[in-house]
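# just need the structure, nothing else, for what follows:
(chains A, B, C and D)
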Number of protein chains: 4
Amino acid sequence: MSKHVEKSRIAVLGASGYTGAELLRILARHPQATIAALTADRRAGEGVETVFPHLGSLGLPGLVRIEEVDFSNIDTVFCCLPHGETQATVASLPAHLKVIDLSADFRLTDPALYAEWYGKPHQAEALQKEAVYGLTELARDAIAKARLVACPGCYPTSALLPLVPLLEAGLIDAENIVIDSKSGVTGAGRAPREEGLYGEVAEGIHAYGVGRHRHAPEIEQALGLAAGGRVMVSFTPHLVPMNRGILSTIYVRLGKNADAGDLRGALQKRYGKETFVQVVADGVLPSTRHVRGSNQCRIGVFPDRQPDRAILVSALDNLVKGASGQAVQNFNLVSGIAESTGLEQAPLFP
Amino acid sequence: MSKHVEKSRIAVLGASGYTGAELLRILARHPQATIAALTADRRAGEGVETVFPHLGSLGLPGLVRIEEVDFSNIDTVFCCLPHGETQATVASLPAHLKVIDLSADFRLTDPALYAEWYGKPHQAEALQKEAVYGLTELARDAIAKARLVACPGCYPTSALLPLVPLLEAGLIDAENIVIDSKSGVTGAGRAPREEGLYGEVAEGIHAYGVGRHRHAPEIEQALGLAAGGRVMVSFTPHLVPMNRGILSTIYVRLGKNADAGDLRGALQKRYGKETFVQVVADGVLPSTRHVRGSNQCRIGVFPDRQPDRAILVSALDNLVKGASGQAVQNFNLVSGIAESTGLEQAPLFP
Amino acid sequence: MSKHVEKSRIAVLGASGYTGAELLRILARHPQATIAALTADRRAGEGVETVFPHLGSLGLPGLVRIEEVDFSNIDTVFCCLPHGETQATVASLPAHLKVIDLSADFRLTDPALYAEWYGKPHQAEALQKEAVYGLTELARDAIAKARLVACPGCYPTSALLPLVPLLEAGLIDAENIVIDSKSGVTGAGRAPREEGLYGEVAEGIHAYGVGRHRHAPEIEQALGLAAGGRVMVSFTPHLVPMNRGILSTIYVRLGKNADAGDLRGALQKRYGKETFVQVVADGVLPSTRHVRGSNQCRIGVFPDRQPDRAILVSALDNLVKGASGQAVQNFNLVSGIAESTGLEQAPLFP
Amino acid sequence: MSKHVEKSRIAVLGASGYTGAELLRILARHPQATIAALTADRRAGEGVETVFPHLGSLGLPGLVRIEEVDFSNIDTVFCCLPHGETQATVASLPAHLKVIDLSADFRLTDPALYAEWYGKPHQAEALQKEAVYGLTELARDAIAKARLVACPGCYPTSALLPLVPLLEAGLIDAENIVIDSKSGVTGAGRAPREEGLYGEVAEGIHAYGVGRHRHAPEIEQALGLAAGGRVMVSFTPHLVPMNRGILSTIYVRLGKNADAGDLRGALQKRYGKETFVQVVADGVLPSTRHVRGSNQCRIGVFPDRQPDRAILVSALDNLVKGASGQAVQNFNLVSGIAESTGLEQAPLFP
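Residues are numbered from 1 along each chain as shown, chains lettered A, B, ... in the order given. Below you'll find the predicted structure:
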């Protein structure tokens, strides 16, 4: 690595949650990034060793309030703030900063759609327009030129990676798409609440947000672009007793004359040279266990018993490819660094 | 309870697996059953206290080989033998016995369909014809008169309880049914195998048997009867890191002029007086946690975002309503005992 | 059961936590109890079906504030209120009520010791003096005559059942007792807090309260009575990723001429006829799995490699024998009902 | 890193188990190692992608039988073979190879002690004499010169790191040591067996090998060297429902005039500059969650309530610092590579 490349100086806003911790885990070992500031309003004044004991020996800066950060000294900001709060904060940041945002605030491009799903008008419509939707493998060029990247949600990443190439190729019907997703608990964040307690989660499974989860319009927005028209999907998320992982089982109707082999072929063609997306061999079952802690997404294609249908299965780690890993991937692109830098770690199994 | 009622004398064949243990747990406290014989070929000669320490203080008989049982002394046999083995065993039993079978051997009524899915002809076609499919709430009268009851599979029970009444009422389309099921690990039995180890199951989820699970024809057989014609479904089972429970998320297209409220109404009408099937209130999310250890099945009905579609969610304990509990329910019917006897236990949560 | 026996009318105070739910599960099926009132200040006005969906079909009364209860109509109160709050509430209850208290408020008999560990003087010293420590198998006669029973903590129950008979018999040294306990998460209650989230508990283990847990003086109080002098133990609790269960591994030095067989013999003699305490056979390993959901306590005795030492292992369900089950056992005694009534349920495994 | 340093060529014998997988995960990213050969007798002929799908994209060689390996091309062998099998295999390897052994075969130095605990004479006594016990932080110089390193067991590593410096300093009594250890399931390996199934492990805890686990003599051997005389400990391992991690809670009697602060000071002095061993701050509770996937060992020191006693708690990942990570640490030493190379990865939490 050339010594002439200066390390990018990073601030992580909202560093006390799970996506924040995951960013720190990755960035602390990233050869071209320096973690220069961490913020967490509720825990300002604490050291990383009390908020995340497992990261305590990495020599990271202490947590401060966002007002205390000297941004003149920062190149890139990772935003892990709550949905709704992020837009005003990003709008207030100095213009020289590149922003990798992990919230939902800049994912929907249509102000009306945003208002419909979030119950109030967007507070930074110019930024909303400027933001690039950061599904890395499918938007590399735009991301590389972006100043503000809206990283996709974890569920949308797991649905869009398999579906977008197939819709673009006309291999599947844009109607009749059913996305049944199963997520680990870290997707719900670290804020204390009864329904997140071990006793309420372990040894059981349930669906939530049935018919009305906010990731549905995000998925449909990207599918609509791929299909060249409005797409509406059935999408149901489920909570599974595991820390990490999303498995999406996707039921599609085949396009004319297409079969499951064609779908597999199209995905292999699209992702064959990718580092982080793998179309698994025929008959192999993608499992979230096999991507844990890594930036991988594994995709399987299966014929359904109904001859005109097929089933897609995708597996990723919601905190990595579904959040902080993809964010670092985008940071690398934005910063002109090799895309996989800092993300080479193999999955941790068991 | 009148003392004139004699207790039914029970033999459990294949008592060393999880469904066997669950039968013992229930029957040991059943006021009108006496456990008179237990068999388990591989563990013959052992006491229950070594095979299932948690049942060791119930005073149960020791495990013997099936040849050692004096069936003249038995009224009813519960069969928990492996698929394929059961048919010959049942065929060899004395004719006075009532048989509650938990295997798949007598679930498919069409010999050709059986041969197609199990790879060899059925060995007891007369019994196959005689057997009554024991989905209790939907076949009470036939079960009460049966000598041989084929208890439904765990996945089929979770799919059929919500779907059959809706198909019968013409409220949903018989095509376009997607059943995405998630099961705990005990459904896979107690035989040692690498993929069942804690390290291979905990903290992850995966699909299996995608497009070709043997419960699909069983589901379709019952749905076909309800719809009055051939039905083919998309069905995908998943393995979830939990001991017990099945959650099925079912995506349907509505019949003409029907909406989700109509579906809810039809199910409430059908199950409103049932002890073990509950249509949960609007907005309540069925969870497997809330049925653990009980014979309950909880069903929720949700409008989909797509106006012509709805989503059904059912939750049950695969070892109870999905196996041994429903078996006892059927035993009660067959024996003229009040149907809920021995099954009143409330769920264990957390 | 004679129909002349009237059912006892029960109020459960603090019914929205885990011990409350467990009481409801047991009492709803108890043939000689009627649940007449439930209180839960924060959730007053809600029905049981929203607080505990798994109990929603049992026909239980709704939750009210404690002020709304007409105690003239109640025979026995189960108190599941927080430590510190209970003493004033119990002092304010009408005198005709029998009280089964599950808090720590009346466990320590010495006011000075209470003040030392809880940081303030006891507010109801007369009741503190009156209360009977309800370790059922070791205090039956006193409990049967009591008006106020202080049910033991979950850790103390697991430690005292094996230790008290051995100290009384002089078979072990009153010094050199090390109690290493491992508990499931429900012992920490249902209040939302970061450290109770699934993500903070699953897939890990840690000790807590090392050298200073409040159950230590409770254990020592009972051991002191058994040994006839002051006893001080080393006691460390640990949090294990499981919902239910306590396993205590207890390291003792043998008394003169005693060996592990003598310990086993003494425990067998003491507990041989007990319904809920079992000394397991030589070589059998007590496991919390084998008592889940039941009122059982299983105790094993093992020789240590050091010839003058032995190791005791006890397993129980912290919500049943460690809390609500033992409370019902005590209720039965206090009410003149057969002691095991309502508690016959076999363990749920897996 | 100078390009003149040639990479070490590695063979992993017994690569299809969990410690094998963990070695591959670490070594595949190790900048100075090349994985040249993998053996696994039962799975010879398979590719890594079928045995360990999560490692399938790392470009590793396929699995072969040990006879098929050309060792002339190998510099270092990692041995992950079963206990008892290893000694003959190592004895048969060409003399130019350095051997990092993860089995128990070369840990005990006394042939009589080995025969006593393993039931037969050692088959390679010369090697047994030559082997260096590889507890890295406490035997660096000897390891660096060794040809055959016997990596410590997971339990011994967790017990010896805190205890050895304290015994050497005379700060604790060599008698009266109680080691209560709790381990995740991967320590039991990947071979299929009923007691390892998810249903037999999840949601419960039990002790095993009480009073007679083979790691006891290994612990005592090292403690004896530290104390300068024979040491005998009470040691009980437990199985916890988690994939990875060992927590050891160690009860000690203080030496004359010593207190817990002295113990903490001695450990801080010994480990203050170590990369992989951390004495956590006063009051911090070591947790296995905070070392998952890393080579860290965290040690806490606590005063006991009994004034003459203290409690030590250590936490490590049994597959990393307790096995494959420490093995790589030793490989680095043996190979003259910086000791932490390949082991810098931060823990994965949650």
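# residue A:277 against residue A:137, yeah?
Yes - the pair residue A:277 / residue A:137 is scored as a contact, 5.7 Å apart, by C-beta atoms under 8 Å. Where you see a C-beta, it was placed from the backbone N, CA and C, and this is true even at glycine.
# show me where the stretch 1-150 of chain A has its strands.
With DSSP state E, counting those that start in this stretch, the ranges of strands along the stretch 1-150 of chain A come out as A:8-13, A:33-39, A:63-64, A:76-79, A:98-101, A:132-133, A:148-150.
# residues in the stretch 251-350 of chain A within reach of chain B, list them.
Within reach of chain B by C-beta under 8 Å from any C-beta of the partner chain, the stretch 251-350 of chain A has these residues: A:251, A:285-290, A:292, A:300, A:302-306, A:309, A:311, A:313, A:315, A:350.
# of the residues you listed, which are in range of chain D?
Contacts with chain D within these, as defined by C-beta under 8 Å from any C-beta: A:287, A:289, A:290, A:292, A:350.
# and the helices in the stretch 151-300 of chain A, which stretches?
A:154-168, A:198-201, A:215-227, A:260-271 (DSSP state H, counting those that start in this stretch).
# now do the second one: everything it contacts.
With C-beta atoms under 8 Å, 6 or more residues apart in numbering or on different chains as the test, helix A:198-201 has contacts from A:185, A:194-195, A:239, A:241, B:289, B:350, C:18, C:185-186, C:190, C:196-198, C:200-202, C:241, C:243.
# filter those residues to the buried ones?
A:185, A:239, A:241, B:289, B:350, C:18, C:185-186, C:190, C:196-198, C:200-202, C:241, C:243 (16 or more other C-beta atoms under 10 Å in any protein chain shown).
# mind putting the helices of the stretch 151-300 of chain A in JSON lines, mean pLDDT included?
Below are the helices of the stretch 151-300 of chain A laid out as JSON lines (pLDDT from 0 to 100):
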{"stretch": "helix A:154-168", "mean pLDDT": "98"}
{"stretch": "helix A:198-201", "mean pLDDT": "98"}
{"stretch": "helix A:215-227", "mean pLDDT": "97"}
{"stretch": "helix A:260-271", "mean pLDDT": "98"}
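# still on that earlier bit, closest one to chain C among the strands of the stretch 1-150 of chain A?
Nearest to chain C, of all these, is strand A:63-64, at 15.0 Å by C-beta to the nearest C-beta.
# how about the closest one and chain C, touching?
No - Strand A:63-64 stays clear of chain C (C-beta under 8 Å from any C-beta), getting no nearer than 15.0 Å.
# quick one: strands adjacent to that strand?
strand A:33-39 (parallel) (DSSP bridges).
# and the strand it pairs with with strand A:8-13, angle?
30 degrees (axes from the mean of the first three to the mean of the last three C-alpha atoms, to 10 degrees).
# run through who's touching strand A:33-39.
Against strand A:33-39 from outside (C-beta under 8 Å, 6+ apart): A:7-15, A:20, A:24, A:27-28, A:48, A:60-66, A:68-70, A:73-74, A:331, A:342.
# how much space separates residue A:96 from residue D:24?
Computed as C-beta to C-beta, to the nearest Å, the residue A:96 to residue D:24 distance reads 44 Å.
# what about those two, which has more around it?
More crowded of residue A:96 and residue D:24, by other C-beta atoms under 10 Å in any protein chain shown: residue D:24, with 25 against 10.
# and that one, how far from chain B?
With distances taken as C-beta to the nearest C-beta, to the nearest Å, residue D:24 is found 16 Å from chain B.
# same question for residue A:101.
From residue A:101 to chain B the distance is 26 Å (C-beta to the nearest C-beta).
# quick one, domains of chain A?
Here chain A is described, according to automatic domain parsing, as comprising the domains A:8-130, A:155-318.
# nearest to residue D:210, of those?
When those are compared by C-beta to C-beta, domain A:155-318 sits nearest residue D:210, at 27.3 Å.
# go through the contacts of helix A:198-201 and flag which are in strands.
Members of these lying in strands (criterion: DSSP state E): residue A:239.
# next, the buried residues of stretch A:226-238.
A:226, A:227, A:231, A:232, A:233, A:234, A:235, A:236, A:237, A:238.
# list the contacts for the closest residue to residue A:177 other than its chain neighbours?
Nearest residue to residue A:177 in three dimensions, chain neighbours excluded: residue A:233, at 4.5 Å (C-beta to C-beta, 6 or more residues apart in numbering or on different chains). By C-beta under 8 Å, 6+ apart, the contact list for residue A:233 reads A:159, A:177, A:178, A:179, A:216, A:219, A:220, A:223, B:305, B:306.
# helices and strands around the helix or strand hosting residue A:332, which ones?
Assigned by DSSP states H and E, residue A:332 falls within helix A:325-335. Here helix A:325-335 touches helix A:18-27, strand A:76-79, strand A:98-101, helix A:140-145, strand A:148-150, going by 3 or more C-beta pairs under 8 Å, 6 or more residues apart in numbering or on different chains; DSSP states H and E.
# which among those is found nearest to residue C:271?
Residue C:271 sits nearest to helix A:18-27 of all these, at 46.9 Å, using C-beta to C-beta.
# packing partners for that closest one?
With contacts taken as 3+ C-beta pairs under 8 Å, 6+ apart, helix A:18-27 sits against strand A:8-13, strand A:33-39, helix A:325-335.
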